[in-house]
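Undergrad: 3D model of this:
(one chain, ligands or ions: 1)
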Amino acid sequence: MTEFEIKYRDCMGRICNFRTRHGIVETPNLLPVINPNKILITSKELKEKFRAQMIITNSYIIYKNKDLREKALEVGLHNLLEFDGPIMTDSGTFQSYVYGKVDVDSIEIVKFQRDIGSDIGTILDVFTLPNEDYETAKKNVEETVRRAEESVKFKDKMLLACTIQGSVYPKLRERCAREISKLDSDFYPIGGVVPLMENQQYDKLAEVIISSKMGLDPSKPVHLFGAGHPIIFPLAVALGCDFFDSSAYAKYADDDRLIMPWGTLKLDELDELPCTCPICSEYTAKELRSMDKKVRFRLLAEHNLYVSFNEIKKIKHAIKDGNLWELVERKAVSNPYLMDALRVLERKKYKKWFELFESVSKKRALFYTGRHTIHRPIIYRYHNRLFNRYRVEYSKAVILPESKKPFSRYYKHILQKLPSEVGLIVNSKLGPVPIELDEMYPIAQSIMPDKVDRETTLICRKVLKKFLDRLEVVSIEDGFESIGSLNKKSGNNFDLRRIRATVCMQFGKNADKALLKGKIDIIKSKSTGKIRNIYSNNKHILSMRASDGLFTLKIAGARRLHSFFKFPSLRVVVRNECRDFILDGKNVFSKFVIDCDPQLRPLDECLIVDEDDNLLAVGRCLLNRIEMLSFNYGIAVKTRESLS
Ligand SMILES: [Zn+2]
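TA: Sure, this is the predicted structure:
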């Protein structure tokens, strides 16, 4: 069984622990390819110098060479390659693409990988080209699935990678992924993408990854097979790829080319080496050129590995900081074909899909990078919730221009006179913001330039227009008295309006009616003046986090939401057998979850209930529904407070 557990996440990207028989590997990760026929950089060096955790080699090459084959069977793969970490093997599928065919049986090669002790073996899938016609691609998918079905019977203790094919047809990719997910497979390579990489068809590549991911079981690692150039790493990780392999480091070096995070450079055309790796720090371009080919090959390969591994580090850092989309957008600026790929992600069906996996708040502020930013899932969600969850409590609206943040402080003088039937709407660069939502992530936590691009402006204008649809827009041009004169008997309490609005955005429409009953006491921070704790009829129901302006739910609040919202709203359902465990305050493990509200997102507050819908505790989701139901390892919900 695959042991795979999410530690950190951002977009569809994830930092996971993946267990193999030769140790735990942290994703996302890069597997350098070792050619057993000509070892350029030894596995020992890969491990010590580049901190490679896992390597990949081709079992077909070993199988075809009598000496290598016999030695591998005799001493095992790990001794053959002198590597004590996990080793993945490929099956010869790529050779079948390069040479037209391979002379090995699809079962034979799986058995061989198993017998030489590969940690992760790969099926012999049918490589399908991007320009293949639909019928052939379909036939190849069927044959790939058939071979996978056969192969899993022979894997024994080896983890088996079953490759997703389907050319550039999204439906075929998704179907292949669904079929493969039903099998006892442990690892999912997305195959047939090398020609897309070579031709920089990143838009097609993005579609292939997304449609494969849509069909795949999310609880197992995904490997973008043959994609070794770091230019694609951030995008691929953001779309949910966990592993890459690189033969590119050697291939490019052999060709006197330097891999850079943003593209490739030819040594012959360089005066300066625009890189800070140990190789480029030690030598000049001229010195490298004057070297013996063999020495240069080796040094360029090292540079290529440094750059590739460094890109993985950047991505991990971005995931932990919650700004992976930003990294993807910034990278797209360096390559027009990547911009085409970002366009693909803006399709509605894909945005909907990404939104499922997007955390409700992040560690860092949202940074604007250009016209792509407005399409990020977190903004898409904000706009949706404005229409589906936020309740408009007023009949008239005053539109205010974007000001310094927080808006409510800047427009305090207006707020003080605000009658209850008037709403203040800030025409912000992220779309309309009812002023009581100004502290909620990502509104307060966003950094936008003074002027934004036209596309962002148009989208925001459209959303604003729709929002104002049923409201009478009034002006304050004649001074604040005109607003004051609209209605004097307001008795409006802005803090309460903020609480009601935030609660609805966070827990669903009318959640305020469930939570806020009788006497409401609001405790504010003495230093910042911000809302901290909320008591309703002397019961502590909510606390507001200063970092993202969202609420953490207390058990008294959870009780009220539980009796107000029908099953399965806001709930994570756990097996009855772990009732005591949860009541004891322990976290909810994925394997104990039997159902979950499809509306819950990572980092959402949730109600933990047993199979009979008895409330046990309140907690914070780490996974969404699809993930909770698929994962067998790791924590699904962090329990905060239990009933007992
Ligand atoms: Zn370098």
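
Undergrad: how about the residues of the stretch 251-400 of the chain near the ion?
TA: 275, 277, 279-280, 303 (CB under 5 Å from the ion). To be clear about C-beta, it is placed using only N, CA and C from the backbone, and glycine gets the same treatment.

Undergrad: OK, now which residue of the stretch 451-600 of the chain is nearest to the ion?
TA: Closest contact between the stretch 451-600 of the chain and the ion, by CB to the ion, is at Asp453 (34.2 Å).

Undergrad: how many residues are close by that residue?
TA: Using other CB atoms under 10 Å, Asp453 has 15 other residues around it.

Undergrad: in helices, which of the residues of the stretch 251-400 of the chain next to the ion appear?
TA: 279-280, 303 (DSSP state H).

Undergrad: gap between Asp105 and Asp125?
TA: With distances taken as CB to CB, to the nearest Å, Asp105 is found 14 Å from Asp125.

Undergrad: before we move on, the earlier item: which of the residues of the stretch 251-400 of the chain next to the ion has the most neighbours?
TA: Neighbour counts for these, by other CB under 10 Å, peak at His303, which reaches 24 neighbours.

Undergrad: grab the nearest non-local neighbour of that residue.
TA: Excluding the flanking residues, the one nearest His303 by CB to CB, 6 or more residues apart in numbering is Ile279, at 4.4 Å.

Undergrad: OK, contacts around the nearest residue to Asp512 once chain neighbours are set aside?
TA: Nearest residue to Asp512, sequence neighbours excluded (CB to CB, 6+ apart): Arg500, at 4.0 Å. Shown in contact with Arg500 (CB atoms under 8 Å, 6 or more residues apart in numbering): 391, 393, 436, 512, 516.

Undergrad: contact partners for the nearest residue to Leu270 once chain neighbours are set aside?
TA: The shortest distance from Leu270 to any non-neighbouring residue, by CB to CB, 6+ apart, is to Ala285 (4.1 Å). Ala285 sits next to 267, 270-273 when contact means CB under 8 Å, 6+ apart.

Undergrad: in the stretch 1-150 of the chain, what residue lies closest to the ion?
TA: Phe50 (12.7 Å).

Undergrad: what's the local residue count around that residue?
TA: 18.

Undergrad: does it touch His303 like I think?
TA: No. Counting by CB atoms under 8 Å, His303 is not a contact partner of Phe50; they are 11.2 Å apart.

Undergrad: hang on, the earlier thing: out of Asp105 and Asp125, which sits in the more crowded spot?
TA: Neighbour totals were compared for Asp105 and Asp125, and Asp125 leads with 29 against 12 (other CB under 10 Å).

Undergrad: next one: phi and psi at that one?
TA: As for Asp125, its main-chain torsions (degrees, to the nearest 10) stand at phi -80, psi 170.

Undergrad: residue contacts, Lys586?
TA: Neighbour list for Lys586: Thr639 [criterion: CB under 8 Å, 6+ apart].

Undergrad: I'd like the numbering to begin with 13 instead of 1 from here.
TA: Let's use 13 as the start, then, which means that last one is Lys598.

Undergrad: okay, Gln50: pLDDT?
TA: Actually, residue 50 is Lys rather than Gln. pLDDT for Lys50: 86.

Undergrad: on that earlier part again, the residue nearest to His315 and Leu317 touch, don't they?
TA: No. With contacts counted by CB under 8 Å, Ile291 stays clear of Leu317, the gap being 9.6 Å.

Undergrad: who touches stretch 646-655?
TA: Residues outside stretch 646-655 that contact it (CB under 8 Å, 6+ apart): 17-18, 564-567, 570, 584, 594-602, 604-605, 608, 618, 620, 627-635, 639-640.

Undergrad: I'd assumed Leu554 was in contact with Lys566.
TA: Yes. If you go by CB under 8 Å, Lys566 and Leu554 touch, sitting 6.3 Å apart.

Undergrad: for stretch 244-260, what is the distance to the chain centroid?
TA: 12 Å (CA atoms, centre = their mean, to the nearest Å).

Undergrad: repeat that for stretch 83-93.
TA: Using CA atoms, centre = their mean, the offset of stretch 83-93 from its chain centre is 37 Å.

Undergrad: buried residues in that stretch?
TA: 83-85, 89-90, 92-93 (16 or more other CB atoms under 10 Å).

Undergrad: how about the CA coordinates for the helix or strand harbouring Lys364, as PDB?
TA: Taking DSSP states H and E as the criterion, Lys364 maps to helix 360-369. Provided in PDB are the C-alpha atoms of helix 360-369 (Å, rounded to 0.1, in the frame of the first residue of the first chain):
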ATOM      1  CA  LYS A 360     -14.000  28.000 -15.900                       C
ATOM      2  CA  LYS A 361     -14.000  24.200 -15.500                       C
ATOM      3  CA  TYR A 362     -10.400  24.200 -14.500                       C
ATOM      4  CA  LYS A 363     -10.800  27.200 -12.100                       C
ATOM      5  CA  LYS A 364     -13.600  25.300 -10.400                       C
ATOM      6  CA  TRP A 365     -11.400  22.300 -10.000                       C
ATOM      7  CA  PHE A 366      -8.400  24.300  -8.600                       C
ATOM      8  CA  GLU A 367     -10.800  26.000  -6.200                       C
ATOM      9  CA  LEU A 368     -11.500  22.700  -4.500                       C
ATOM     10  CA  PHE A 369      -7.900  22.400  -3.500                       C
END
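
Undergrad: on contacts alone, who are the packing partners of it?
TA: helix 214-227, helix 348-357, helix 389-400 (3 or more CB pairs under 8 Å, 6 or more residues apart in numbering; DSSP states H and E).
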